[in-house]
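Chemist: got a predicted structure here, sequence first:
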Amino acid sequence: MSDQSNLYDAGAPVHDSDESQGGSGEFERERVPDRALLGASKFWGMYAGEHAAGTEFMIGPLFLAAGASLQDLIVGLLLGNLLAVLTWRYLVTPIAIAKRMTLYYQLERIAGGGLVKFYNVINGVLFCFLAGAMVTVSASAVGVPFGILYETPASTFGLGAPSFTVLVVIVGVVMAAIAAAGYQMVARVANIAAPWMIAIFAACGVISLVQMDANNVEALRQGQYWSDAIAFVQAENGVQQFGFWQIVVFAWLCNGAMHFGMADLSIFRFAKSPSSGWAPAIGMFLGHYMAWIAAALLLAAQIKLSQDATANPGALAWGALGWTGIICVVIAGWTTANPTIYRAGLAFQGVFPKSPRVVMTLVAGGVATLAGAFPNLSAQLLGFVGTYGTVLGPMGAIVFVDYYLMQRFGLNDEYAMRNGSSINVAVLIAWLLPVAVGLYLIFWQGLFAAYAVVPCWIACGVIYLLLSKITQKPATVG
């Protein structure tokens, strides 16, 4: 590969657009300069806070309710989370450090401003729905001590009680304000909260085991308490099965939009060293491993103690740790939603590039808060995260192919910037065709959503390369 590190200097000069000169200091439309780079601790703290966080209180119990065996969960999550860490480290981090641009600005240079605006709307809205689930989770905890219950309406887009909706608005405003303060504020909040939250998740798991009298090795090995809980849930909701490979693929690809989809280019562009790319490991193994299992145990304990299979995050934590559990759920929701709203704000800014990032982040926070007002959306996380990975993930293949393969095949990288086009047709077809097939298989053929992410990603990259070979003129050497 030729020296690509110098190819984008003309299109994205490094200059001092920080707060002292009227800029945002977030470098949304330029390379991050060396003076703004951050050490590894900022990333470890953020990933710990984001992934040992609010979603865990929802997803963990959903595994149990879906019929996953305890053994499959323990081994499957181990393998799937390892694959996720490797994907972040070796797929995302090298490109992020080489180019130091947001995903959205890179795509604008490759795909054209018109196409990226369309993509950014979809991207931002989907991220807002994910953040909205965290608003719901935090509000569920705030409401428990005041008797304001988290209740799921009959319809997917049914509102909760008026008092619960008010809580959602309050929580959403706070989350949006933190995200609007910028990446360093997001990282600072996560750094402060993460160690304490991780300890609380572990305590939830231990206390749940004690509540079920599963306090010896034999009880853990047999897992009868887990089997009994599954039987109780499925007696009410019908029999389901969530097998080993579903667990592996879900753990690997539930954040597919962030690693396969390259959304975290926007995060790792600030990294001083490639070693920062290992930071997701703390979120995967303490969050998507330990915390998911601990949260599932909370539901198993609640079923044994009260014969109640309602997966209310606030009530589950309250039953195990009282006020400490409530505070943990609230903060856990914040530390997931903050960086997600931050990403969504960058996406919306890609649609309106002259708008300040702070304003666009507040818009994203408003959309997330609106989504949080519909409690049933948070109960659809197992399917939703696979679907949004299927939609957003393939665009990461465009970035990958553009960076690693275009010049090797004698083609122009960043083609839209070079020829001044607003829509790179090769990108448009390469993205929409696999996604359309994937969504058809998910919604009309019943395919488990996460299974579609990698095939769509590969197909998108191959189609983009082939179409570029057909539509582009040979690259100019020199």
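Modeler: That came through fine.
Chemist: okay, CA-based contacts and neighbour counts for the rest of this
Modeler: OK.
Chemist: helix/strand/coil for A257?
Modeler: coil (DSSP: H, G, I helix; E, B strand; the rest coil).
Chemist: wait, what's in contact with it?
Modeler: Taking Cα atoms under 8 Å, 6 or more residues apart in numbering as the criterion, A257 is in contact with 263, 388-390, 392-393.
Chemist: ramachandran angles for it?
Modeler: Geometry field for A257 lists phi and psi as phi -70, psi -30, criterion degrees, to the nearest 10.
Chemist: now do it, the pLDDT please.
Modeler: Looking at A257, its pLDDT reads 89.
Chemist: distance of it from S421?
Modeler: Here the criterion is Cα to Cα, to the nearest Å. By it, A257 lies 26 Å from S421.
Chemist: leaving out chain neighbours, which residue sits closest to Q472?
Modeler: L411 (6.9 Å; Cα to Cα, 6 or more residues apart in numbering).
Chemist: am I right that the one you found is in a strand?
Modeler: No. L411 sits outside any strand when classified using three-state DSSP, being coil.
Chemist: surely Y150 is in contact with T310?
Modeler: No. Taking Cα atoms under 8 Å as the definition, Y150 is not a contact partner of T310, at 9.8 Å.
Chemist: buried sites along the strand or helix carrying V75?
Modeler: With secondary structure defined by DSSP states H and E, V75 is part of helix 70-87. Residues of helix 70-87 classed as buried by neighbour count (16 or more other Cα atoms under 10 Å): 70, 72-74, 76-87.
Chemist: which helices and strands does that helix pack with?
Modeler: Using 3 or more Cα pairs under 8 Å, 6 or more residues apart in numbering; DSSP states H and E as the contact criterion, the neighbours of helix 70-87 among helices and strands are helix 244-253, helix 280-285.
Chemist: what's the closest of the ones you listed to V168?
Modeler: Ranking the helices and strands packed on helix 70-87 by proximity to V168 (Cα to Cα) places helix 280-285 first, at 25.5 Å.
Chemist: now do the closest one: everything it contacts.
Modeler: 43-44, 47-52, 78, 81-82, 84-85, 88.
Chemist: distance from the chain centre to it, please.
Modeler: In terms of Cα atoms, centre = their mean, to the nearest Å, the centre of helix 280-285 is set 13 Å apart from its chain centre.
Chemist: with only the CA atoms kept, save that helix in PDB.
Modeler: This file holds the C-alpha atoms of helix 280-285, laid out as PDB (Å, rounded to 0.1, in the frame of the first residue of the first chain):
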ATOM      1  CA  PRO A 280     -13.300  -2.300  24.600                       C
ATOM      2  CA  ALA A 281     -12.000  -5.500  26.400                       C
ATOM      3  CA  ILE A 282     -13.000  -4.000  29.700                       C
ATOM      4  CA  GLY A 283     -16.500  -3.300  28.500                       C
ATOM      5  CA  MET A 284     -16.900  -6.700  26.900                       C
ATOM      6  CA  PHE A 285     -15.700  -8.900  29.700                       C
END
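Chemist: comparing Y150 and T310, which residue is more hemmed in?
Modeler: Set Y150 next to T310 and count neighbours by other Cα atoms under 10 Å: Y150 wins out with 25 against 17.
Chemist: show me where pLDDT drops low in the chain?
Modeler: Within the chain, the segments meeting pLDDT under 70 span 1-26, 54, 152-156, 182-191, 216-217, 220-222, 473-478.
Chemist: longest helix of it, counting residues only.
Modeler: Selection of the longest helix in the chain by residue count, based on DSSP state H, yields helix 113-143.
Chemist: show me what that one is packed up against.
Modeler: Using 3+ Cα pairs under 8 Å, 6+ apart as the contact test, the elements touching helix 113-143 are helix 54-65, helix 103-111, helix 162-180, helix 313-321, helix 323-351, helix 357-372, helix 381-404.
Chemist: doesn't S421 make contact with R109?
Modeler: No. Applying Cα under 8 Å as the test, R109 and S421 come out as separate, 9.4 Å apart.
Chemist: which one of the two has more residues nearby?
Modeler: R109 (24 against 17).
Chemist: thinking again about what came up before, pull the number of nearby residues for the residue nearest to Q472.
Modeler: 20.
Chemist: quick check: V137 vs L79, distance?
Modeler: Per Cα to Cα, V137 is found 27 Å from L79.
Chemist: same question but for F127, I mixed them up
Modeler: Relative to L79, F127 is positioned 26 Å away (Cα to Cα).
Chemist: try G283
Modeler: Using Cα to Cα, one gets 14 Å for the distance from G283 to L79.
Chemist: pull the number of nearby residues for the spatially closest residue to I327 that is not a sequence neighbour.
Modeler: Take I327 and drop its neighbours on the chain: the residue closest to it by Cα to Cα, 6+ apart is A141, 7.6 Å away. One way to gauge burial is a neighbour count; for A141, by other Cα under 10 Å, it gives 30.
Chemist: likewise the one 4 residues further on?
Modeler: Close neighbours of P145, defined as other Cα under 10 Å, add up to 15.
Chemist: same check, this time on N312
Modeler: The local packing count at N312 equals 22, with neighbours defined by other Cα under 10 Å.
Chemist: one more: V166?
Modeler: Here the neighbour count serves as a burial measure; for V166 (other Cα under 10 Å) it reads 14.
Chemist: can you check G223 too?
Modeler: Using other Cα under 10 Å, G223 has 15 neighbouring residues.
Chemist: also the one 3 residues further on?
Modeler: Under the neighbour criterion other Cα under 10 Å, W226 is assigned a count of 25.
Chemist: would you list the helices and strands packed on helix 70-87 in JSON lines and tack on mean neighbour count?
Modeler: Below are the helices and strands packed on helix 70-87 laid out as JSON lines (neighbours: other Cα atoms under 10 Å):
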{"stretch": "helix 244-253", "mean neighbour count": "23"}
{"stretch": "helix 280-285", "mean neighbour count": "24"}
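Chemist: need those in TSV (columns: distance to F232).
Modeler: Below are these laid out as TSV (distance: least, Cα to Cα, whole Å):
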stretch	distance to F232
helix 244-253	21
helix 280-285	29
